[in-house]
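using only what follows, build the 3D model:
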Amino acid sequence: MHDTTALTLARARRLSAERLTPAIELGTSSLEITSRTLPGEPVPFDAAVAGEFTPFVVSAPWGPAWSTTWFRLRGVVPHEWRGRRVEVAVDLGFDPGAGPGFQAEGLAFAADGRYLKGIEPRNQYATVVDDAEGGEAVDIYVEAAANPDIIANAFLPTDLGDRLTAPDRPLYVLKRAVLTTRDPEVGALVVDIDVVAGLIEQLAATDPRRARLTAALSRACDAIRLDDVRGSAGAARAQLAPALEGPAAPSAHRVSAIGHAHIDSAWLWPTRETVRKVSRTFSNVLALMEEYPELLFVASSAQQYVWLQNHHPVLFERVRERVAEGRFQPIGGMWVESDTNLPGGEGLVRQFTQGTRFFREAFGVDSDVLWLPDSFGYTAALPQIARLAGMRYFVTQKLAWQPVNRFPHHTFVWEGIDGSRLLAHMPPVDSYLSELTPAELAHASRNHRDHHDTSASIVPFGHGDGGGGPTALMMERARRQADLEGSPVVTVEAPAEFFRTQVEPQPDLPVWVGELYMEGHRGTYTSQAAMKRGNRRSEHLLREAELWSALASVRTGASYPYDELDDLWQRVLLNQFHDILPGSSIAWVHREAREQYDAILADGQAIVERAMRSLAGEGDRTIVFDAVIGAASAVDGGQAGGTLAPTVTETEAGTLVDNGPLRLSIDRDGRIVSVRDVAAGRDIVPAGEELGRLVVHTDLPNAFDAWDLDEFYRSSRRPVGAPSSVRICTEGSAVVVDTEYAVGASRIRRRATITQGECAIDFRLSLDWQERETILKAEFPLHVKAESARSEIQFGYIDRPITTNTTWEAQKFEVSAHRWVHVGEPGYGVAIVNDSTYGHDFRRQVFGDRERPGVVARLSILRSPSFPDPAADRGEHALRYRVVFGASPLDATDEGLRLNLPSREVAGSGAEVPPLAVASGTARISAVKLADDRSGDLIVRLYEAAGERCRVVVDLDESVGGVGRVDLHESPLDQEPTLTLEGHSVELDLGPFEIVTLRATRNA
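Numbers count the residues shown, from 1 in each chain. Below you'll find the model as predicted:
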C-alpha cells in the first residue's frame, strides 16, 4: 500500500487551520469601546476607572512604549446565545510571530473590579457569562500594557529599553474586541487533530501505529463537510476516537507534567511590569483551575507573591485558597530565582531564609524542591546551602544550552564541595516552556539519558519568561496523552511527588561532583559592573550592620533593627535575580538597580553608624571598628610618625623599589616588570612581561551580547598603549606608581601601591569608560607552575583545571570567582584579591626561552555590550584589586575579607569592645546576628575555609548560657549531638568547607 502520510498530514493541517479553527466561534457581537491612556506608572483599578474614557475604535493605534491604556468594553449578550458560555475576545495588536510574554498584554476586570483573567497573545478569551440567558449587559475593563518587543530586531541596540529614551509613537493597533461564543465540539476536534497529527509525525515510518493513526486521520478528514463544518465535527471526532483510546506501552516514558509560568522578575521589562505579569499569570491560572480540576501549578519567588499581596490583595487571597488545597504550590523556597555564581554565601543563605519565612507565614507551607530552571550555571556550594535550608531536590534546565559538551545526565545526584548531596533532575524536554505537544513529549523520551535508572521526567508546561502560564489547549493535550499508545504517559503531578516516587527508589544514580558550569553566558560575570559592585558592597555592609547591631544590643541594650535589616536584605536579594545581577536586562532595570544600591548603601551605613556610636560611647579618642574580627578598640594618635617607607632607587631603566619583602623594578612607563619575593628567593614576573598589564579585546559575541563572551574574543588582544602620564612618589609608608592611560574615548587612572613590609601590591583603578563592544582585562603573568587555579566561591573554594586536555576543560575559558583567585605550586602561591570583580581567566604559557610554562591570570574588569542596554558600562567606575605573593588559599581568604571589610573609625570613650564570637584554626565567621524570631538569641555562622578537617574552638560572649547547632532557618537540627559550653567556649569538629550555624541563648 502506498504511504499517504505526508499527504494526509498536509490535508489535516490545512483543514484545521483554514476551516475548523475559524468555525470554533459560533458568532460575534460588537462592543462599544472607550479608552483612557495613562503615560506614567500603572494605577489601581479604582483610580483608573474613575477617570474620563473617550471613544475608541478597532484598528486605531494605541500605546506608546511602557504606557498603559485602559479599554472599557460594553455590550449585550444576544438572545440567540441562550444557554451558552459567552466570552470577550480581545486582540491588542499581538504579533503571532513574537513570544507571548514579550509584547502587549492585558488584564480583564469585571465592572465591579473582580479579576477575570489575563489577555495574552495566545490566550485572548475571557469568560463573562457562564450560562447565558440572553440580554445580559456586559461591562468589562482591560488594563492593556504597551510593553515593547525588545528582542524583535534580534540583538541590535534599541532605545526602547527605558521609558526615558523610548519614542512616543504608538506601538500597537487594536485588532479586535468582540463578544463571542464558541462551539466546544469543533474546538475539541481541532485538539484531536493536533494530537493525532503530532503523534504521527513522531512515530517511525515502519511503526504500525503510525499507519493506523494516518488512516484514522484520513477518515476524519473525509467526514468533515465543508458546507457544514460544525454539523460534521462530531462524525469526524468519532473517526479519531478509537485512535485516542489505545493505552500507552507498559515501558513508555513517564512524564510528570506540572503547570508553570517562568516569570523573570526583571529582564526585558522593569520590575514594575513584573508586578503586573504576576497578576495576569496568576489570574489565568486561577481561571483555568475552575475548568480543569486536575491542574497543579508551581510558582517560585517569594518576592512575586509579596508584589501580589501588596498590589492585588484580593487576588492574593484567591491564591492562598488554592495553596491550601494543594493545587497552587509555592516552590523553591527562595526570595527570587537568583543567580548562584555571583551572590555571596550569606546572600544565598538569605535567599532561602527570607523566601522560606514568607512561604511559611503567608501559606503555612515549605518546599523541599530547589527550583532554578533558568540561572546561568550553579555554584558547587549550593548543595550544602540548599540542604541546610531544607531542600532535598533540585530542578534546572539551563545546562541543556551547552553548545559543546552535552551534560551526561538528566537524573542524578549532585554533590557539593563539602560532600552534601541533592537529588537533581534536568528535564530532557529541554524547556521550561513546554506546550505539551506530541513533539515535545517525544523529544523528552528520546533525549532522556537515564532510562536505565528511571524512565521518567518532569515537563514544566506553560507560557513563560514573560509569564502567561498554562492554557486550556495544553490541558486538553495532557488529557488526550495521559495514556496514549505511542506517546509517553502524561500525569499532572507535583515535582516533589516525581522525586519521591520516581527518583528516590533508584539505588545507583550517577553522581556529579562540583559546580554545574554552564558553557555559555560567561559574559554575565562582568557585564554591568555597577551591579557587581553594588551587590558586593551591599552584602558586606549588611554583614557589618548585623554584627555591630548585635554587639550594640548585647552590650548596651540598643534596639536591634530587625525590620530595617529585613527590608535591606530583601532589596539586595531582589537585585540578585538572574537577569539583574548578571547584567542582562534592559537599561531601565539597571538604572533602577543602581538607584536602589545607592539607597541600600545609605540606609545600611546609617545602621552601622548608629550601632558604632552606641558602642563607642562619649569621648574624643579614635575607636577602630574591625568587622573581620568583630571587635573595636582605641588607638593612640601619633604612632605612625616613625613609619618607614620603601626604599626608592632611580636607575637608567627606571625605578627600583624595596619594601622589605619585595623588590620591584618599574620602567619609565610605570610598568612593573620585575617582582622578587625576597624570603622565597624567587622572581615572580617572567622577563619581558608586565604585572597588571591592561589589555582590551573586541567583544562582539554571535548572539546574546550582555550574556555571552565567545571564545574567539581572545584572538583580538591589544595591550593598552603607553601612559599619558607617569608619577612615582612616596605617600606615607608606601610608594605609589600613578599612571594614566587613554583607550579610545576612555580614560583610565591606575594607582599601584607598594606598602612597606607588605608582600603584596595594591591596585586601584578609576575609569571613565566610553568604549563599545570591548572588554578590558588586567593580566598577571606569573612564574608559577600550575595545572589548576583555585577560585573562591561561597563558603570555600574550588579547583578548576587551566589545562585544555579535554573539551570540558577548554570550555572553561572564562570562570567566576568571588573575592580571590589563587595559583600555586607546592610550597608557593600567588593570590589576586578584588573588591568587585567576578570574571577571570587563566592560561598556561611558556615565557621567553624557558621550557617550562608559567601562568597568566587575568581579571575581567569591564565589558560594554550594546544589547539589551545600549549604554551598558559606559561611565565612571572605581575598583580595587591586590596581588599577594607567597600566599596560601587561607591567606587569600583573609586578604579578601580585609579588602572587602575595611576598618572604620569613630570618636568615643576608648573602652574596648570585645567580639561576640571568635573561631580558631581554619574556621572563618560569615555572620553574627540576632535570631530572626526576635527572641534575642545570638546567631553565629561559620565555615571551614581551607578544605581540610579541623577541630575548632568558638569563643562566645560571656552572656551566653547555652548553645546548639541549627539549620539556616535557625531551627534545631535533627540528630545533632548536644554541644557543651566550657566556660564560654564550645568545640566543634568541622569537615572540609562545612557550614555550621550556632544558636546561643543568653542569660537573663
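
need phi/psi at the residue nearest to residue 963 when sequence neighbours are not counted.
On the basis of Cβ to Cβ, 6 or more residues apart in numbering, the spatially nearest residue to residue 963 that is not a chain neighbour turns out to be residue 1000, at 4.5 Å. The C-beta positions use only the backbone N, C-alpha and C, and glycine is treated the same way. Main-chain dihedrals, residue 1000, degrees, to the nearest 10: phi -110, psi 130.

again with residue 33
Here is the backbone geometry of residue 33 (degrees, to the nearest 10): phi -120, psi 130.

which secondary structure element contains residue 929?
Assignment of secondary structure by DSSP states H and E places residue 929 within strand 923-930.

note down every partner strand of the helix or strand following that strand and its orientation.
Going down the chain from strand 923-930, the next helix or strand is strand 938-944, by DSSP H and E. For strand 938-944, the paired strands and their directions (DSSP bridges) read strand 923-930 (antiparallel), strand 995-1002 (antiparallel).

turn those strands into a markdown table, including distance to residue 713.
Rendered in a markdown table, the data for the strands paired with strand 938-944 read as follows (distance: least, Cβ to Cβ, whole Å):
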| stretch | distance to residue 713 |
| --- | --- |
| strand 923-930 | 35 |
| strand 995-1002 | 36 |
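
so the residue nearest to residue 963 sits against residue 958, correct?
No. Judged on Cβ atoms under 8 Å, residue 1000 makes no contact with residue 958 at a distance of 11.2 Å.

so between these two, which is more surrounded?
Between residue 1000 and residue 958, counting by other Cβ atoms under 10 Å, residue 1000 is the more crowded of the two (24 against 13).

how near is the more buried one to residue 390?
22 Å (Cβ to Cβ, to the nearest Å).

specify the beta-bridge partners of residue 182.
Partner residues in beta bridges with residue 182, using DSSP bridges, are residue 25.

from memory it sits against residue 22, does it?
No. At 11.4 Å, residue 182 and residue 22 do not qualify as touching, with contact defined as Cβ under 8 Å.

between the two, who's got more neighbours?
residue 182 (18 against 10).

and that one, what pLDDT?
As summarised for this prediction, residue 182 has a pLDDT of 97.

quick one, what contacts it?
Residue 182 is in contact with 24, 25, 26, 85, 87, 125, counting by Cβ atoms under 8 Å, 6 or more residues apart in numbering.

please apply the same query to residue 319.
The contact partners of residue 319, by Cβ under 8 Å, 6+ apart, come to 282, 286, 305, 308, 328.

can you say which helix or strand has it in it?
Taking DSSP H and E as the criterion, the element that holds residue 319 is helix 313-325.

what about the next helix or strand after that helix, distance to the chain center?
Toward the C-terminal end, the helix or strand that comes next after helix 313-325 (DSSP H and E) is strand 328-330. The gap between the average C-alpha position of strand 328-330 and the chain average comes to 20 Å, counting by Cα atoms, centre = their mean, to the nearest Å.

which other helices and strands contact the next helix or strand after strand 328-330?
Once the chain leaves strand 328-330, the next helix or strand it forms, by DSSP H and E, is helix 345-363. Contacts of helix 345-363 with other secondary structure elements, assessed using 3 or more Cβ pairs under 8 Å, 6 or more residues apart in numbering; DSSP states H and E, are made with helix 302-311, helix 313-325, helix 382-388, helix 529-556, helix 562-574, strand 923-930, strand 938-944.
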